[in-house]
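Novice: Quick one: sequence plus predicted model below, questions after.
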Amino acid sequence: MEYSMPAVKIFACTQSTELAGKIARAYGIELGNVIFSRFSDGEFQPSFEESVRGARVFIIGSTHPTSENLMEMLLMIDAAKRASAKHITAVMPYFGWARQDRKDKPRVPIAAKLVANLLETAGATRVITMDLHADQIQGFFEIPVDHLYASTIFVPYIKSLNLDNLCVASPDMGGSKRAHSYAKFLNSDVVICYKQRKKANVIEKMELIGDVEGKNVVLVDDMVDTAGTLVKASEIMKEKGAVSVRAICTHAILSGNAVEKIENSPMEELIVTDSIPHNSLPKKIHVLSCDKLFADVMRSVHEHASISDKFIM
């Protein structure tokens, strides 16, 4: 009996409609039709307006707060499962709640593990995500996880700038592995910032390990939230004699007055992806789309092809 490939259907959660549309176009198909009905108390219900029976369904949605974004993903996965989809892939450009990946003090949750359990229970058969806050989150799942790296997007951009005396920097000790990986492909030196926090999002002290005098520095991080760490690091770099400082951060959370901080900082530019949507950003924040990366990997998953060439780090 001849095997036939299941049909591919791509659907978007409401928070990622624009990115999902780009991914669908890059893939070469139309975005699937799904509608959301809302009750007067705020409860919502997704409904696929086309058959997904026997199909390979990709549901695209980043799960940054509010928690409604995660709930949307879970409900859509459940709806696809109950509509007899053959494969259900949660495509999560930004995997939210990932900073809670361990117990760093007594009596706190491990939210990233809980989210993994919820996705599997809802019916996801695969997850595709990008630049997890901690690599070990992949081990929280009992289903395949394709963990992509935005370095495949950022490295070509940094190379195109043709910067002399390039130096890659990590804004904290936890990102040193990431910085070394970028430095390997950019053939550059590495410096590390050592920071101590009083509490979440509040830096008590920061020191620089390494020499940046006369260098064009590129700070590398997986996300930018309040931008306090990046701004403080860029100020220290300039004080230590750096010619220029720019930063690349995969996920632009940009909470509070982060945008204002970045605009008033000594950074030349902040380069991010469109994993998290924003209505408008200043020219100092440069957005590179991750649509082709996800479309290519989704096609490879569907065709049972290797995705090894999509990894730089």
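Specialist: Good, I have the coordinates.
Novice: so where's this protein uncertain?
Specialist: 1-3, 196-204, 311-313 (pLDDT under 70).
Novice: and with 50 instead?
Specialist: Within the chain, the ranges that satisfy pLDDT under 50 run 1.
Novice: could you pull out the strands for it?
Specialist: 8-12, 34-38, 44-48, 56-60, 87-92, 126-130, 145-148, 166-170, 189-199, 202-209, 216-224, 244-252, 270-273, 285-288 (DSSP state E).
Novice: Which one, of those strands, ends up nearest to G139?
Specialist: strand 145-148 (8.8 Å; C-beta to C-beta). C-beta coordinates here come from the backbone N, C-alpha and C atoms, glycine included.
Novice: Can you list the helices and strands that the closest one packs against?
Specialist: If contacts are counted by 3 or more C-beta pairs under 8 Å, 6 or more residues apart in numbering; DSSP states H and E, strand 145-148 sits against strand 126-130, helix 291-302.
Novice: So for K177, which of the strands of the chain sits nearest?
Specialist: So among the strands of the chain, strand 166-170 is nearest, using C-beta to C-beta, at 8.5 Å.
Novice: residues in contact with that closest one?
Specialist: With contacts defined as C-beta atoms under 8 Å, 6 or more residues apart in numbering, strand 166-170 is touched by 158, 176, 178-180, 182-183, 186-193, 210, 212, 215-221, 233, 237, 242.
Novice: What strands line up against it, and which way round?
Specialist: With DSSP bridges as the test, strand 166-170 is paired with strand 189-199 (parallel), strand 216-224 (parallel).
Novice: most tightly surrounded among those?
Specialist: strand 216-224 (a mean of 24; mean count of other C-beta atoms under 10 Å).
Novice: roughly how far out does it sit from the chain middle?
Specialist: Taking the mean of its C-alpha atoms, strand 216-224 sits 14 Å from the chain's own mean (C-alpha atoms, centre = their mean, to the nearest Å).
Novice: same question, stretch 160-176
Specialist: Here stretch 160-176 shows a centroid-to-chain-centroid distance of 19 Å under the convention C-alpha atoms, centre = their mean.
Novice: returning to what we had before: tell me which of the helices and strands packed on strand 145-148 is the most buried.
Specialist: strand 126-130 (a mean of 22).
Novice: Send me that strand as PDB with only the CA atoms.
Specialist: Provided in PDB are the C-alpha atoms of strand 126-130 (Å, rounded to 0.1, in the frame of the first residue of the first chain):
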ATOM      1  CA  ARG A 126       6.100  17.800  18.900                       C
ATOM      2  CA  VAL A 127       7.400  21.200  19.900                       C
ATOM      3  CA  ILE A 128       9.500  23.700  17.800                       C
ATOM      4  CA  THR A 129      10.900  26.600  19.700                       C
ATOM      5  CA  MET A 130      13.900  29.000  19.600                       C
END
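Novice: Report the inter-axis angle for that strand versus strand 244-252.
Specialist: 160 degrees (axes from the mean of the first three to the mean of the last three C-alpha atoms, to 10 degrees).
Novice: Need the nearest residue in space to the residue nearest the centre of the chain, chain neighbours excluded.
Specialist: Nearest residue to the geometric centre of the chain (C-alpha atoms, centre = their mean): Y94, 3.6 Å. In this structure, Y94 finds its nearest non-sequential neighbour in S62, 3.8 Å apart by C-beta to C-beta, 6 or more residues apart in numbering.
Novice: Tell me how many other residues surround the one you found.
Specialist: If you count neighbours by other C-beta atoms under 10 Å, S62 ends up with 25.
Novice: and what of the one 4 residues further on?
Specialist: Number of residues near T66 (other C-beta under 10 Å) recorded here: 10.
Novice: For it, give me phi and psi.
Specialist: Taking degrees, to the nearest 10, you get phi -80, psi 170 for the backbone angles of T66.
Novice: cool, I307 as well?
Specialist: According to degrees, to the nearest 10, I307 has phi -120, psi 20.
Novice: any idea how far P144 is from it?
Specialist: Relative to P144, I307 is positioned 11 Å away (criterion: C-beta to C-beta, to the nearest Å).
Novice: More neighbours: which of these two?
Specialist: I307 (16 against 12).
Novice: so the more buried one touches M298, yeah?
Specialist: No. In this structure I307 lies outside contact range of M298 using C-beta atoms under 8 Å: 9.7 Å.
Novice: Report the backbone C-alpha coordinates of the biggest helix by length in the chain in PDB.
Specialist: In the chain, with assignment by DSSP state H, the single longest helix is helix 68-82. Extracted in PDB, the C-alpha atoms of helix 68-82 (Å, rounded to 0.1, in the frame of the first residue of the first chain):
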ATOM      1  CA  GLU A  68      -4.000  33.900  28.000                       C
ATOM      2  CA  ASN A  69      -1.400  33.300  25.300                       C
ATOM      3  CA  LEU A  70      -0.500  30.000  26.800                       C
ATOM      4  CA  MET A  71      -4.100  29.100  27.300                       C
ATOM      5  CA  GLU A  72      -4.800  29.800  23.600                       C
ATOM      6  CA  MET A  73      -2.100  27.400  22.600                       C
ATOM      7  CA  LEU A  74      -3.400  24.700  24.900                       C
ATOM      8  CA  LEU A  75      -7.000  25.100  23.700                       C
ATOM      9  CA  MET A  76      -6.000  25.000  20.100                       C
ATOM     10  CA  ILE A  77      -3.900  21.900  20.600                       C
ATOM     11  CA  ASP A  78      -6.800  20.200  22.400                       C
ATOM     12  CA  ALA A  79      -9.200  21.200  19.600                       C
ATOM     13  CA  ALA A  80      -6.900  19.800  16.900                       C
ATOM     14  CA  LYS A  81      -6.600  16.500  18.900                       C
ATOM     15  CA  ARG A  82     -10.300  16.200  19.200                       C
END
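Novice: All set now, cheers.
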